[in-house]
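**Q** Sequence below, structure please.
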Amino acid sequence: EPVGSRTLSRLNHNHDGLSPATIRNVMADLTDAGMLEQPHTSAGRVPTSRAYRYFVDQISGRGDLTPESQEMIADSYAGVTDAQEFLERTSRVLSLISTGVGIAVAHTPAGRHSLEHVYFSRLTACKVLAVVVTKAGIVRDRVLRLQRDIPQGDLDAASRYINDNFQGWTIDSLRVELARRLEQERNEYDQLMRSVEDLYRGGALQGNEPHAGAGVYVEGVSNLLGGEQDRERLREMMRILEEKQRIAELLAAYVSAKQEAVRVVVGLEDSMPGMSNFVLIGAPARLGAEMIGSLAVIGPTRIDYEHTMSAVRYIAGLFDKILND
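**A** Take a look at the predicted model:
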């Protein structure tokens, strides 16, 4: 609600000793400087995007999470073993520790991940569990139904062949090369290559390929419902948040693999008209030197910047630590 300068003067008398006239003069100067605006005639003055950017510049790098917040966040990732699960939980954690929407996006398509190792386990006759682990920490498992039964010993030999020959290859290039070798060596097949071909044709290296919009996790939209008074703008924002491809594009536009610190973007209208009164606080999620995804909070411009920036920074650092451990 709008508040008068006299009320502010009384509330802050013991701290600043500012008179109502001084407050009005300072606010007039800030308005002339482009730091304050009046949305409509019955409203009070509110900070502009320029003012929020100035404020963020003053606090960047200063905030630290309390030990209690760090413990709560760390507990939220108990049992996480791969990057996909980490990002999925991250959207929820961010929504809980902020007044905004928590978003996490996995950047690298599964086919571009490089192979760490593959493992095959015979479940029953003609049924095999294929587990593919990438160097990015992604674990893909798939149950294969084959035309013939393969003993566990032959499955172990097939996994050794793939691991010895293709560790470090991207999944896409591995498939291409393996298909080429199978075609080239068709007349000289031994038992090993027959097993490899059966597993390959059965989809062992297909993984669970992401469909459009997969790998984008959004939580906490309800956080915005109470603070947004413009119902039409709220409906538009809800439509945007439901379109996962647009969310992925938004984070790709603002969160870069090159950035070292948390990035704060006040006013998202350049990428999404209608979101001028919202802020994005985001950071890349790295595993070593490789950017695996990005995480962010989208919230109203009146957000606890210091706490949210600290949380995003802490979780981004936790990503590498947990998955490397």
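
**Q** starting at the chain centroid, how far to stretch 262-282?
**A** Centroid displacement of stretch 262-282 relative to its chain, using CA atoms, centre = their mean, to the nearest Å, is 16 Å.

**Q** Let me fix that, I meant to ask about stretch 80-87.
**A** 11 Å.

**Q** how about it as CSV, C-alpha atoms only?
**A** The C-alpha coordinates for stretch 80-87 follow below in CSV (Å, rounded to 0.1, in the frame of the first residue of the first chain):
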residue,chain,number,x,y,z
VAL,A,80,21.2,-38.2,-5.2
THR,A,81,23.5,-40.1,-7.5
ASP,A,82,23.2,-38.6,-11.0
ALA,A,83,22.8,-35.2,-12.6
GLN,A,84,19.2,-35.6,-13.8
GLU,A,85,18.0,-36.4,-10.3
PHE,A,86,20.0,-33.5,-8.9
LEU,A,87,18.4,-31.0,-11.3
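
**Q** What are the buried residues along that stretch?
**A** 80, 82, 83, 84, 85, 86, 87 (16 or more other CB atoms under 10 Å). Backbone N, C-alpha and C define where each C-beta goes, glycine included.

**Q** And for stretch 191-209?
**A** With burial defined by 16+ other CB under 10 Å, the residues of stretch 191-209 counted as buried are 193, 195, 196, 197, 198, 199, 200, 202, 204, 205, 206, 207.

**Q** Hmm, the first one is touching residue 178, no?
**A** What it means is residue 193. No: Residue 193 is not in contact with residue 178 according to CB atoms under 8 Å; the separation is 10.2 Å.

**Q** so what's residue 216 up against?
**A** Residue 216 makes contacts with 103, 104, 105, 106, 244, 245, 247, 248, as judged by CB atoms under 8 Å, 6 or more residues apart in numbering.

**Q** For the last one, what are phi and psi?
**A** The main-chain torsion angles of residue 248 are listed as degrees, to the nearest 10 and equal phi -60, psi -40.

**Q** Number of residues surrounding residue 135?
**A** Residues near residue 135, counting by other CB atoms under 10 Å, number 16.

**Q** shaky segments in the stretch 1-150 of the chain?
**A** 14-16, 61-63, 108-112, 136-137 (pLDDT under 70).

**Q** what ranges do the strands span in the chain?
**A** Remark: strands assigned in the chain by DSSP state E are 36-37, 46-47, 101-106, 115-124, 127-134, 139-145, 216-219, 263-266, 278-287, 290-300.

**Q** Out of these, which is the most enclosed?
**A** Highest mean neighbour count of the strands of the chain: strand 101-106, a mean of 26 (counted as mean count of other CB atoms under 10 Å).
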